[in-house]
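Visitor: Give me a 3D structure for the following:
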Amino acid sequence: MGIVIAGERSGAGKTTVTLALLAALRQHRAQVQSFKVGPDYIDPMFHTRVTGRACRNLDPVLTSERYVQQCFARHNQDADYTLVEGVMGLFDGASRVDDVGSTAHVARLLDLPVVLILNCSSLSRSVAAIAHGYRTLDPRLRFAGLVLNQVGSDRHLDLLQSALEPLGLPILGLLRREGAIAIPDRHLGLIPTGELPHLEPLIDRLAQLGNTCFDWDALLPLLTPTAADRQIRNTTLMGSGMNGMRSHTTHDSPSRLPAARIAIAQDAAFNFYYADNLDLLHELGAELLPWSPLRDGALPQGTQGLYFGGGFPEVFAAELAENHSARQVVRTAVRAGMPTYAECGGLMYLCESIVDFEQQRHPMVGALPTTATMGKRLTLGYRQAIAYLDSPLVKTGDRLWGHEFHRSTLDAVPDAPLFTLQSYDGQPLGAEGWQQQQVHGSYVHVHWGDRPDLPQRFLNHCAHYQPVSISVNVSLG
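Guide: Next up is the predicted model:
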């Protein structure tokens, strides 16, 4: 079956509870498939590190309802246990008028029971009103039980249990306030796993928390797929034409293209990639070549395309600036017409410079005539992007869904921007994005799962690019 871990609000403890459950299950050598609702990149990194299996994002806004169901069916076929971590509060979604894109939306699509986490730090008997409201707001949802977080004392627990008893909702977990585990964070959420030198001890503590704080007799049957579940999954795969292969609902299924060698920036500065995007590139015939703009002085041999995901270039701006060779080789490749796809942090790296939170300026690649400056204002939300121009990824007039999440702004925009943007509810948000040489640079993160035409177009451009020898002048400023 599987369960959905939901919170009554952001900060209720979803990630801690999810990781504790995953760590405890993995400690017993189980094959655990996890999923994350929404567009987040960092929580899936933790899931993947704990389970050893790539966590998959389930986002009906970035993809589609059908794709969410197909993705879920495809990736837990051989799993012993299945767990979905929600996003924000249970009913918080993309729209002002309904819960589209919310944890509740995904729970309904997958017909999975919900385990609701309640932050009890400032509650006693009122906890019952909150639990009752969540359970009754949407009768289509099934609730497996509750996890009580931030319980202060035995007396506090007695009050909570007494208040909740009439509701008949099982208490499946109990986390004491003094036993809380803090996962370090910063301006865009948790610090990614690659930057935490003491992550293994943290995972061990999470496993201990998982082993001691949950009712496993009640949870294991919920987490374990039944024969009926597997039959439903097989029916979903066969009915969609997948039969072990990827299927797409709104566009043609991908066909393998001439092999193209794609250099993918993967290090502490650039690590925001959806697992499905990388899988799709591989299925289309791309050879994925990881490299590091922080450490490497040259691109991988025979590179025909560049893919810069998001991440934290502002945190590592000094180190990126010091790698003169990498900056020059990328600038030279871009000017030679190498197809380049850059999202958010990748876009910032291609700029002339980054101004960090301390107002220090750091030179970057210089492929785009603009500077990225960090600020306090957070730009956040789903975007419908309509293409003004052709790029290696899109054609003029293309419409696609994406997500913005950044605290930087650019001091210049091109005369002809790449996209015009609208919010999920249709509010105009202006224009953004760069198309220059063969660069597609944008703040908009895109999940390609339901849009295989996008990576197909990118790889077509890459396959026709003939690699050239790129010399390096380390005097680059």
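Visitor: For this protein, give the strand that spans the most residues.
Guide: strand 368-387 (DSSP state E).
Visitor: other SSEs contacting that strand?
Guide: Counting contacts by 3 or more Cβ pairs under 8 Å, 6 or more residues apart in numbering; DSSP states H and E, strand 368-387 packs against helix 345-350, strand 351-355, strand 399-410, strand 419-423, strand 434-436, strand 439-442. The way it works is simple: take the backbone N, C-alpha and C, and place the C-beta from them, glycine included.
Visitor: Now with 7 Å, please.
Guide: strand 351-355, strand 399-410, strand 419-423 (3 or more Cβ pairs under 7 Å, 6 or more residues apart in numbering; DSSP states H and E).
Visitor: mind checking how far the nearest residue to Ala275 once chain neighbours are set aside is from Thr193?
Guide: Take Ala275 and drop its neighbours on the chain: the residue closest to it by Cβ to Cβ, 6 or more residues apart in numbering is Ala54, 4.1 Å away. Relative to Thr193, Ala54 is positioned 13 Å away (Cβ to Cβ, to the nearest Å).
Visitor: for Leu110, same thing?
Guide: Per Cβ to Cβ, Leu110 is found 26 Å from Thr193.
Visitor: Serialize the helices and strands packed on strand 368-387 to CSV and add fields for distance to Pro201 and mean pLDDT.
Guide: Supplementary listing: those in CSV, determined by distance: least, Cβ to Cβ, whole Å; pLDDT from 0 to 100:
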stretch, distance to Pro201, mean pLDDT
strand 351-355, 33, 98
strand 399-410, 29, 98
strand 419-423, 42, 97
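Visitor: out of these, deepest packed?
Guide: strand 351-355 (a mean of 22; mean count of other Cβ atoms under 10 Å).
Visitor: who does that one pair up with?
Guide: strand 361-363 (antiparallel), strand 368-387 (parallel) (DSSP bridges).
Visitor: tell me the average confidence for the last one?
Guide: Regarding strand 368-387, the rounded mean pLDDT is 97.
Visitor: tell me how far it is from the chain's mean position?
Guide: 17 Å (Cα atoms, centre = their mean, to the nearest Å).
Visitor: Report the backbone C-alpha coordinates of it in CSV.
Guide: Output in CSV follows, covering the C-alpha atoms of strand 368-387 (Å, rounded to 0.1, in the frame of the first residue of the first chain):
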residue,chain,number,x,y,z
LEU,A,368,25.5,36.5,-20.2
PRO,A,369,25.8,40.3,-19.8
THR,A,370,24.1,40.6,-16.4
THR,A,371,24.9,40.3,-12.7
ALA,A,372,23.0,38.2,-10.1
THR,A,373,22.6,39.9,-6.8
MET,A,374,21.5,38.1,-3.6
GLY,A,375,18.8,39.8,-1.6
LYS,A,376,16.2,39.2,1.2
ARG,A,377,13.2,38.9,-1.0
LEU,A,378,12.1,35.3,-1.9
THR,A,379,10.7,34.7,-5.3
LEU,A,380,8.6,31.5,-5.0
GLY,A,381,5.8,29.8,-6.9
TYR,A,382,4.6,27.8,-9.8
ARG,A,383,4.9,29.5,-13.2
GLN,A,384,3.3,29.0,-16.5
ALA,A,385,6.0,30.1,-19.0
ILE,A,386,5.2,31.0,-22.6
ALA,A,387,8.2,31.0,-24.9
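Visitor: Show me what counts as buried in it.
Guide: Within strand 368-387, the residues scored as buried using 16 or more other Cβ atoms under 10 Å are 368, 370-374, 379, 381-387.
Visitor: Excluding sequence neighbours, find me the nearest residue to Ala144.
Guide: Pro113 (3.9 Å).
Visitor: The one you found contacts Arg142, correct?
Guide: Yes: look at Pro113 against Arg142 with Cβ atoms under 7 Å: they come within range, at 4.5 Å.
Visitor: Tell me how this structure divides into domains.
Guide: With domains defined by automatic domain parsing, the chain comprises 3-239, 260-463.
Visitor: Check the separation of the first and last residues in the shortest one.
Guide: It stands for domain 260-463. Its first and final residues considered, domain 260-463 spans 5 Å by Cα to Cα, to the nearest Å.
Visitor: quick one: that domain to chain centroid distance?
Guide: 16 Å.
Visitor: low-scoring stretches of the stretch 201-350 of the chain, by residue?
Guide: Flagging of the stretch 201-350 of the chain using pLDDT under 70 yields the residue ranges 227-258.
Visitor: Great, nothing more from me.
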